[in-house]
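Asks: Got a predicted structure here, sequence first:
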Amino acid sequence: MFVWFAAIPLLPLLAAIFCCLLIARRNKTKLPAVLVVGSLALSFAVTVLGFWAWIDQGKDPINPQIYEWIGVSWGSEPGQSLTAQFGFYMDGLSWLWMLFVTGLATLIALYASEYMGHDVGKGYGRFFAAFALFVFSMACLVMGDNLFLLYLGWEGVGLCSYLLIGYFFQKPSAVAAAKKAFIVNRIGDLGLAVGIFLIFVTFGTVEYGPLFEMVRLGVDAAGRPLDGRWQEWVIPCLLMIGAFGKSAQFPLYVWLPDAMEGPTPVSALIHAATMVTAGVYLIARTMPLFLLDDTHFALTIVAWTGTITALLAATIGMAQFDIKRIMAYSTVSQLGYMFAGLGVLTSTGACFHVFTHAFFKALLFLACGAVMHGFAGQLDLRKLSGVQGMPGWRIVGLTMLVGCLNLAGFPLITSGYFSKDMILAQAFTTPGDTIWGSQWIGWVLLLTAGLTAYYTFRVYFRVFVGPQHFEPGDELHAEEDSHHGEHGEDQAEVHGVGKSHEHFHPHPPGWAINAVLIILALCSFLAIPTYFVMPEHHGWAGSMVHSSTAIVESPGAHHVEGADAEHLGTFLGYDPHKAMYYVSGIVGFLGIAVAFFLHLAGRASAATSRADALLPMLGPIPRWGQNKWYVDEFYEAVIRLPLWVLATLFHWFDQLVIDGLVNLFGLLPRLFARAIRPSQSGVLQGYAVGMAGGLAVVLIIVLIIMGRGG
Amino acid sequence: MPTSLSNLVLAAESPIGPLTLYHFLFVSAAMFAIGVIGFVSRRNLIIMFLCTEMMFQAAGIALISFGRYHLNHTGEVFVIFVLTIAAAEAALALALVVWLFRRRATLDAAAWGEMSG
Amino acid sequence: MSTLVSLYPLLAMALPIVGAIIIALRPAERAHRTAMGVSIGVLLVVFLMTTRFDWGSGATYQFANSFAVLPEMGVHLSYGVGAVAMWLVILTAFLQPICVKASKTAVTEDHRSFYAWLTALQAPMLGVFFARDLVFFYTCFEFTLVPMYVLISLFGSTNRKRAATKFFLYTFTGSIIALAGLIYVAHVATKQGTIPWNFDIDALAAAARGMSLSEQSWVLLALMCGFAVKVPLFPVHTWLPLAHTEAPTAGSVVLAGVLLKLGTYAIYRFVLPFVPLAVVEYAPLIATICIVGILYGGLICWVQRDVKKLVAYSSVAHLGFCMLGMFALNMMGGVGSVLYMINHGLSTGALFLCIGMIYERYHTRSMQEMEGLAKAMPVWAFFMVFFTMASVGLPGLNGFVSEVMCLLGAFQSGANGIGRGGTLGNLGPWYAAIAGSGMIIAAVYLLYMVGKVVFGPLREPGGHGHHQDHGRDAHATDPNALPRDLSRREIGVLAPLALACIVLGVFPTPVIRTLEPSVAAVISHSQIAAKNAISARPDDSLDDSLIVGVARAESAEGRP
């Protein structure tokens, strides 16, 4: 009866197929964008309808199944068949994700229809086909009712990410980034795959319904209790590796900053708002498996990995000059927050942060994208200043401000503030004997919050306010192309060459980009009230999590007083939930103030600021930070290069030793032949002598035998 | 079955007295040896061919001798076969020799050493 | 089944032979068209077979018949098709018209002998899958070498003679050793049976299972020596890259698509049911060899400069997965392995076709000479990326299902102590986890190839590519001239493969269900052997429900 949900993934899939057909027909219009925006909007509408229907029927998980995708059986006992339906498991978590995925996808597709306008007739159809395919994959990932379908979506979004990062496929850096993203993700995927295998072998099923029922009872497929078995901690550890890959956590985060090679709408949707939160979704979805282990081994690793990632990415973000990369590192950092939140047992906080982050990070990226679009690809914050004051850029500047305030966690008026607080407060609340060192996690995250506010506003203060100045980027031909839309690409390149900066006019964004920015800014405000509804579940997002498998009874969630509160952590003796409202607000203010002092106050040009005076005092640290702490180089030297050397060695080993041995065996008969070759002299008499000699030998033997025999 | 080669006379009247199988076989062996020596020592293709013919005939004499010795015609039948085949073979071989001669203008067997390994 | 129906396999085998003779006799201009007609004819026959095939009972021989050839020696022309063979027959028949179509412009001289040999090749390939008699099987198995040898040595590229000779001698030597093992089994069967010699495969299998472990081990060694060369498994693979690189495109496709499957099918057909004791005993060793092949082959791919060689080496890695699944000795691995045979044939065959299309245009396979061809050939680039993804094992496409099933099979195998999802066997989670890292390496080398050849700034191979700029002008005059991007014919060649990849990726279950009874019958022997091996150890707690396939094998009337 609920199979009409299938429209949510199928509409984008159809749109993708139609886009491919349009490409095949050499369509040179904006039709692909119309198709995709339309189908995504419909998909969003279906999601909303489905969501209401789900609430109406009492918030129980809906589990419609369409057909059997993979089915193998070798017996009738439980655990002797593998079934992966193409079916959906819709509970609060799925709906929460699908609502913002389809909603944001619609808005960003609308934005992209204008943003990608240069490429109409070239890569336009390809872009939208991959875009729609992404939404399909993401829907499979989130809505799937079993781990195999999740894996399908998981790799599907990876493929689309690959295709879209490599959208400008003639740029070697884009191709390399795409490849890196796919391969690093695959490392995580292996962990996930092995985790799924182990789940199947242990529980005999990969379908959420029966799986979580067994987990609830704490038994395996044979009904034996799981207490203390090694699978309890190995399964979550394996799943966690998958999540780290997809959600760019340390040590697998290196692909995400490079992924900024893709067009900005892609960065906004895939690499900020939706796909990278798939890891959070995975852990939230399989939370019962994580909670099976009483020692919380995996969750402790999740929490600490998230924390380290948050801090590391924030420090890198502080030292970057490319505004899109700063946003990328802030995404990595914020994902670190979400993982830390999951780790310290507030799946509600983590999911709420995913929800708010989706809006404001998409907003930030799209605003940066608008700047990039208007200034011919310029992203260096030293070459842009005072953009907000330029004609036509007010909306971009203001919405950017909204995004920055959210990311910095500006108190009370931003949703980012509330969601981050939930995680921080829970980190302090959760006792250290539940999650090892949770207090320290809290302190590190608090420090990171300050750094976040600083680097966020470093961007805003340098690019959007202050004295007006700009240098256009190197994509002048694209600029030219958009002015003379009818011209072919080749002509545009000719025009672009030799254009001096004086002739360059930044072109402010059109209605679609502005409208999307405004809607997103509004949404990021609208997310605030959702924190205050349904207080028993800590907000609307909490209520969604509450009616899903992600539910966790986080320590101190009900603000227990008295003896029960004894073992809970505190913030310097205060209730963390109350203290955090003030402390994190102050930390955020501090960060913004420092950014103001160093990057806006007294700044006369785009290129320099007071911060430059500070740099010599720090020695080589900023340079190291700008070089991303040399993590990429480290991986290159420790993993890629040795493997490559090994591969080369194998190659030569194969050529010389293995094939050499084969050739040697082939040579043996030849060597033997060479030894007896002289006997074939080619002289007729020689053969005759041989024959006569042979005959003589035979005769002599015969005579001897006859002689013996008498 | 005769017990000795010498006790059965194959041809009674001859200048050197009665001839036994032994004599015939001696002739046969001698002819064969001459043929072999001729084949090995000469390089002229025609002479070599003649030497092979001589070896054939040596075998033929041996066969006929034994036929006579066993008092049946098997040996003679075989010799007729051999002669027939030898005739056909001679035609073929001589044709080949002529053809080879035309190609290289020599009858020296050493001129065809292509099969040298 | 009526006798008339049992003539279908004979018809399918006779058509290519007759066709090859006709092609050889008729003028060269008609060779392509005749070959196409014959291959379509075979496809039709096979299609009729699939409609008549009783998919529910795949473990029994269908279209079965037997003609005495040398009854005194126990040699019969006996054939029959099980579900596994049926799918491989479908694969063979499906690939043939594609190969013929793809060769239209690739072959420039001596059309008659090319198409005649290509067509003739189909008959022994089908025969291998049809055979129920060892002599018939072996004859067909070896007879595939002759047409392939000719195709490589006459129509290959520069180093073709050496490649063809190596291909022939290497695989032939291997097969001889396998034959020795099989004759030994026949000898054992003779000692037991009443008739002097019997070459019926199932009778031999029953006899072979009665041998002791040490005897079985020697037979296993002999069989694996022979068939592993054909697959090819790790240390005996070096003929493959050479043969693939030198072979003409159609030859590569058939080689990757079907000929390698003869090896895997032979192992499935002979090794598993013949020597279950030894198989269980040595499964870890063979699986280790497979894993070494997966990692080793994959890494070697990464440093190749010849794009065709890269894909050739990837076959070594891919078939490592296939064999790993087979030696998991359970349903998951067995079905996965069979699916892998089909899927590898489709996706790797398609990759060879794509590369062949490049070779036709630029006459080079060197990755250093070409870059970013997506700009020049967007349609080609689409197919290339598509089949690469199928080969990488992207879910939703065919490669994923089989790869995951092989890995999961290896994971389950012997994991019966871990949980209910485990089965009897002799591998375990570590095998799957380590082999799984081959998935990462596959992504590394295939994306390396795509990143180099398809993406990046456009650089067409110098000299050769230049005249292609005028390709459109030439196109007007010469019907065989190639456009810069793919022609309609070429799209028509690749599209069916792409479609098959999608269908098998999205709806694999119907295929899996048809394979289940057949695989169950084969693995049941290994399962029993595995159970006995474990029961020999102390502290076992096995219940019989773990033994997979026994009930199925008994319920299916026929022999395995």
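Replies: Done, it's in.
Asks: C-alpha from now on. contacts and neighbour counts both.
Replies: Fine.
Asks: Check the offset of the host helix or strand of A:Tyr329 from the chain's centre.
Replies: Per DSSP states H and E, A:Tyr329 falls inside helix A:323-343. Taking CA atoms, centre = their mean, to the nearest Å, one finds helix A:323-343 lying 11 Å from the centre of the chain it belongs to.
Asks: packing partners for it?
Replies: The contact analysis (3 or more CA pairs under 8 Å, 6 or more residues apart in numbering or on different chains; DSSP states H and E) places helix A:323-343 against helix A:255-258, helix A:278-285, helix A:297-319, helix A:347-374, helix A:415-429, helix A:438-459.
Asks: Just the CA coordinates for that helix, please, in CSV.
Replies: What follows is helix A:323-343, C-alpha atoms only, in CSV (Å, rounded to 0.1, in the frame of the first residue of the first chain):
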residue,chain,number,x,y,z
ILE,A,323,37.6,30.0,0.2
LYS,A,324,36.0,26.8,-1.2
ARG,A,325,38.7,24.7,0.4
ILE,A,326,38.1,26.4,3.7
MET,A,327,34.5,25.4,3.4
ALA,A,328,35.6,21.9,2.6
TYR,A,329,37.7,21.7,5.7
SER,A,330,34.9,23.2,7.7
THR,A,331,32.7,20.4,6.4
VAL,A,332,35.3,17.8,7.5
SER,A,333,35.4,19.5,10.8
GLN,A,334,31.7,19.6,11.3
LEU,A,335,31.4,16.0,10.3
GLY,A,336,33.9,15.4,13.0
TYR,A,337,31.4,17.0,15.4
MET,A,338,28.6,14.7,14.2
PHE,A,339,30.8,11.7,14.8
ALA,A,340,31.8,12.9,18.2
GLY,A,341,28.1,13.4,18.9
LEU,A,342,27.3,9.8,17.9
GLY,A,343,30.3,8.6,19.9
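Asks: model confidence over it, on average?
Replies: Helix A:323-343 carries an average pLDDT of 92.
Asks: List the buried residues for that helix?
Replies: A:323-343 (16 or more other CA atoms under 10 Å in any protein chain shown).
Asks: Between helix A:347-374 and it, find me the angle.
Replies: On the basis of axes from the mean of the first three to the mean of the last three CA atoms, to 10 degrees, helix A:323-343 is oriented at 170 degrees to helix A:347-374.
Asks: tell me the angle of helix A:323-343 relative to helix A:438-459?
Replies: 160 degrees.
Asks: so helix A:323-343 versus helix A:278-285, what angle?
Replies: Angle of helix A:323-343 versus helix A:278-285, following the same axes, to 10 degrees, is 10 degrees.
Asks: Render the CA-only coordinates of the particular helix or strand that has C:Gln122 in it in CSV, please.
Replies: C:Gln122 belongs to helix C:111-130 when elements are defined using DSSP H and E. Presented in CSV, the C-alpha positions along helix C:111-130 are these (Å, rounded to 0.1, in the frame of the first residue of the first chain):
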residue,chain,number,x,y,z
HIS,C,111,38.0,-12.3,-44.6
ARG,C,112,37.2,-15.9,-45.6
SER,C,113,39.6,-17.6,-43.3
PHE,C,114,39.0,-15.2,-40.4
TYR,C,115,35.3,-15.6,-40.4
ALA,C,116,35.5,-19.3,-41.1
TRP,C,117,37.8,-19.9,-38.1
LEU,C,118,35.8,-17.6,-35.9
THR,C,119,32.6,-19.4,-36.8
ALA,C,120,34.2,-22.8,-36.4
LEU,C,121,35.5,-21.9,-33.0
GLN,C,122,31.9,-21.8,-31.7
ALA,C,123,31.2,-25.5,-32.2
PRO,C,124,33.8,-27.0,-29.8
MET,C,125,33.1,-24.3,-27.2
LEU,C,126,29.4,-25.3,-27.2
GLY,C,127,30.5,-28.9,-27.2
VAL,C,128,32.4,-28.5,-24.0
PHE,C,129,29.3,-27.3,-22.2
PHE,C,130,27.1,-30.0,-23.8
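Asks: mean confidence for that helix?
Replies: 93.
Asks: And the next helix or strand past that helix?
Replies: helix C:134-143.
Asks: what sits up against whichever helix or strand comes after that following helix?
Replies: Using DSSP H and E, the next helix or strand after helix C:134-143 towards the C-terminus is helix C:145-155. If you take CA atoms under 8 Å, 6 or more residues apart in numbering or on different chains as the criterion, helix C:145-155 is touched by C:107, C:114, C:117-118, C:120-121, C:160-165, C:167-168, C:172, C:243, C:246-248, C:251.
Asks: Next up, the contacts around the closest residue to C:Phe143 other than its chain neighbours.
Replies: Of all residues not flanking C:Phe143 in the chain, C:Pro124 sits nearest, at 6.1 Å (CA to CA, 6 or more residues apart in numbering or on different chains). Residues near C:Pro124 by CA under 8 Å, 6+ apart: C:Met13, C:Cys140, C:Phe141, C:Phe143, C:Thr144.
Asks: any idea how far C:Pro124 lies from B:His70?
Replies: Distance of C:Pro124 to B:His70, given as CA to CA, to the nearest Å: 58 Å.
Asks: and stretch A:137-150, which residues are buried?
Replies: Residues of stretch A:137-150 classed as buried: A:137-150 (neighbour count, 16+ other CA under 10 Å).
Asks: Now it: average pLDDT?
Replies: Per-residue scores along stretch A:137-150 average to 92.
Asks: hmm, back to that, what's the angle between the helix holding A:Tyr329 and helix A:415-429?
Replies: Using the same axes, to 10 degrees: helix A:323-343 against helix A:415-429 is 40 degrees.
Asks: name the element C:Gln304 belongs to?
Replies: Applying DSSP H and E, one finds C:Gln304 in no helix or strand.
Asks: was I right about it contacting C:Leu310?
Replies: Yes - between C:Gln304 and C:Leu310 there is a contact under CA atoms under 8 Å: 5.6 Å.
Asks: Neighbour count: the two, which is higher?
Replies: Using other CA atoms under 10 Å in any protein chain shown, the more surrounded residue of C:Gln304 and C:Leu310 is C:Leu310, with 23 against 20.
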